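Colleague: I would like the atomic coordinates for the input below:
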Amino acid sequence: MSKKDQQRQHIIKTAFRVWGATRFTDMSLTTLAEELALTKPALYRYFKNKDELMSVMRDRCAADYVRLSAQLVDVVGDQNLEGLVHGFVELMNLFFAEQPEYAAFFVTQFIGPAGLARQDLGALFQKQHERLESAVRNRYRNADPELLAATGHFVMFSGVFWSMVGYIDEDLLPLDRHTREPSAIEASISRSYEVCMHGLLMQGSTRSPSFERVESLCRVGSDGRMEADRILSAISEVVAEVGLFDATIERIAEKVGMSKSSLYFYFKNKDEMLAKMVHRLRMHFFDVLLARMEQFSAIEDRLYAFLIVTASYMLQNPELLTVAHWFRAQNLDIELDSTTRERAFNAFAFLQDAINEGQMRAVAEELVAVVSYLNLYVMHDAAFFRPDISSEPELHRHMRSIYTLTMGGLRAVAEASTVASGK
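Modeller: Sure thing, here's the model as predicted:
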């Protein structure tokens, strides 16, 4: 390898480390050059611009994922269901443990349209999904088809989320984001596997939700539709035209019908503009959610209400999925303000009580992780696996499957198959 190639590799590795420390929300070439003890113009001798560097970083991360995944896709075809699921969560945990910065990069660059659009990753994701779903179908042939159709995505999303979350934000899990201790990795593998196989709720600690009652009381009508927002609409339109990564603020301002400087006349900067927009979205969602959830007292009913309302809200406001993916692709991170944070924790106090009382497969510090998991699962499912749902009955049937899997794991599929077969 030439000295230039060696330096290129050093720059790539340093970029993952330096930018990864901010979860890729701050990707300054100036900061990177300082860390490398180079001038900014010197960086351009190795990469013509930041876009080229980012492209190479995406290729590096994708290649490493494909390399590790080959062990699962090509070698273990004859493994049983438990072995296949364990192999998948082990793969994901080792992938992120090998280079912790890959976790945040994976979220921003590969989860969503960007990952599926890549020929290497898109084909691999599909193959993994089919392999997992097929293994479940072969084991539990008598289970409900709607439930079986959701199992591949459930295992993939759950395996990825619980493998990476500790590396993304130390507030989400009590796991050192940079640890590579074998005991910590094994504990994370065990947690990921347990959620996939047994779900979040401890067996025997709760009952099934009152599905029909919750569904009837959680309808999201006109009050669930956001008022027209020029910036939201502009983001959706620009993303549709040029894609997630090229939907710049300049293009969005042009779509709104003003210059970038004119847009900032109303806001101090881009961060303030987006923060105010996100705050309004969050508060509106909480208004809709809390009005429904407060009608129930049982943990099962409240959890199902949370899933139903979140999914219904996405149907009422389909542009929000595009905006959410745009935020990730643009590496934007809008933190919860104190008012919204307090309201969120109050809304899920019942869930914290359930965790403290041992009803959930979680510890006291994991409330944010559990809520994030359920919310992101519904959004990801709506965007990529059941985008065709358009009616309320279809939504309800599907969300019952989502609840069954997230709360009971593949064990619940086994129980459903046993009941269906009359054994």
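
Colleague: contacts and neighbour counts: CA atoms only from here.
Modeller: OK.

Colleague: Regarding the protein, what is its longest helix?
Modeller: Longest helix of the chain, by residue count under DSSP state H: helix 392-421.

Colleague: Quick one: list the elements packing against it.
Modeller: helix 145-149, helix 151-168, helix 182-198, helix 299-316 (3 or more Cα pairs under 8 Å, 6 or more residues apart in numbering; DSSP states H and E).

Colleague: Give the buried residues for it.
Modeller: 395-396, 398-414, 416-417 (16 or more other Cα atoms under 10 Å).

Colleague: Just the mean pLDDT for it, thanks.
Modeller: Throughout helix 392-421, pLDDT has a mean value of 86.

Colleague: Tell me the gap between that helix and the middle of its chain.
Modeller: Averaging C-alpha positions (Cα atoms, centre = their mean, to the nearest Å) puts helix 392-421 21 Å from its chain's average.

Colleague: now stretch 183-190
Modeller: Distance, centroid of stretch 183-190 to centroid of chain: 21 Å (Cα atoms, centre = their mean).

Colleague: and if you look at stretch 200-212?
Modeller: Distance, stretch centre to chain centre, for stretch 200-212: 24 Å (Cα atoms, centre = their mean).

Colleague: contacting residues around it?
Modeller: Applying Cα atoms under 8 Å, 6 or more residues apart in numbering, the external contacts of stretch 200-212 come out as 299-301, 304, 358-362, 400, 406-409.

Colleague: For that stretch, could you pull out the residues that count as buried?
Modeller: Leu200, Leu201, Met202, Gln203, Pro209, Phe211.

Colleague: Also stretch 94-102?
Modeller: So stretch 94-102, judged by 16+ other Cα under 10 Å, has buried residues Leu94, Phe95, Phe96, Ala97, Gln99, Pro100, Glu101, Tyr102.

Colleague: same question, stretch 290-298
Modeller: Buried, per 16+ other Cα under 10 Å, within stretch 290-298: Leu290, Arg292, Met293.

Colleague: now for that stretch, what's the gap between its first and last residues?
Modeller: 15 Å (Cα to Cα, to the nearest Å).

Colleague: In stretch 34-48, which residues are buried?
Modeller: Here stretch 34-48 shows Leu36, Leu43, Tyr46 as buried, counting by 16+ other Cα under 10 Å.

Colleague: To clarify, my last question referred to stretch 249-258.
Modeller: Result for stretch 249-258 [16+ other Cα under 10 Å]: buried residues Ile249, Arg251, Ile252, Ala253, Lys255, Val256.

Colleague: Please save the CA atoms from that stretch in PDB.
Modeller: Output of stretch 249-258 as PDB, limited to C-alpha atoms (Å, rounded to 0.1, in the frame of the first residue of the first chain):
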ATOM      1  CA  ILE A 249     -31.700  23.800   3.300                       C
ATOM      2  CA  GLU A 250     -31.000  25.900   0.200                       C
ATOM      3  CA  ARG A 251     -33.300  23.700  -1.900                       C
ATOM      4  CA  ILE A 252     -35.900  23.600   0.800                       C
ATOM      5  CA  ALA A 253     -35.900  27.400   1.100                       C
ATOM      6  CA  GLU A 254     -36.200  27.700  -2.700                       C
ATOM      7  CA  LYS A 255     -39.200  25.300  -2.500                       C
ATOM      8  CA  VAL A 256     -40.800  27.500   0.200                       C
ATOM      9  CA  GLY A 257     -40.400  30.400  -2.200                       C
ATOM     10  CA  MET A 258     -37.700  32.400  -0.500                       C
END
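
Colleague: and the longest helix of the chain with helix 151-168, angle?
Modeller: Counting by axes from the mean of the first three to the mean of the last three Cα atoms, to 10 degrees, helix 392-421 lies at 110 degrees to helix 151-168.

Colleague: Compute the inter-axis angle for helix 392-421 and helix 299-316.
Modeller: Using the same axes, to 10 degrees, helix 392-421 lies at 140 degrees relative to helix 299-316.

Colleague: hmm, which two among the buried residues of stretch 94-102 are most spread apart?
Modeller: Using Cα to Cα, these span at most 12.6 Å, a distance reached by Leu94 and Glu101.

Colleague: Dump the buried residues of stretch 94-102 into CSV; add pLDDT, distance to Leu132 and secondary structure as well.
Modeller: Formatted as CSV, the buried residues of stretch 94-102 follow (pLDDT from 0 to 100; distance: Cα to Cα, whole Å; DSSP: H, G, I helix; E, B strand; the rest coil):
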residue, pLDDT, distance to Leu132, secondary structure
Leu94, 86, 19, helix
Phe95, 86, 19, helix
Phe96, 86, 21, helix
Ala97, 84, 23, helix
Gln99, 81, 25, coil
Pro100, 80, 25, coil
Glu101, 81, 27, helix
Tyr102, 85, 23, helix
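
Colleague: As CSV, those residues with distance to Val56 would be great.
Modeller: Formatted as CSV, the buried residues of stretch 94-102 follow (distance: Cα to Cα, whole Å):
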residue, distance to Val56
Leu94, 22
Phe95, 18
Phe96, 19
Ala97, 21
Gln99, 16
Pro100, 18
Glu101, 15
Tyr102, 14
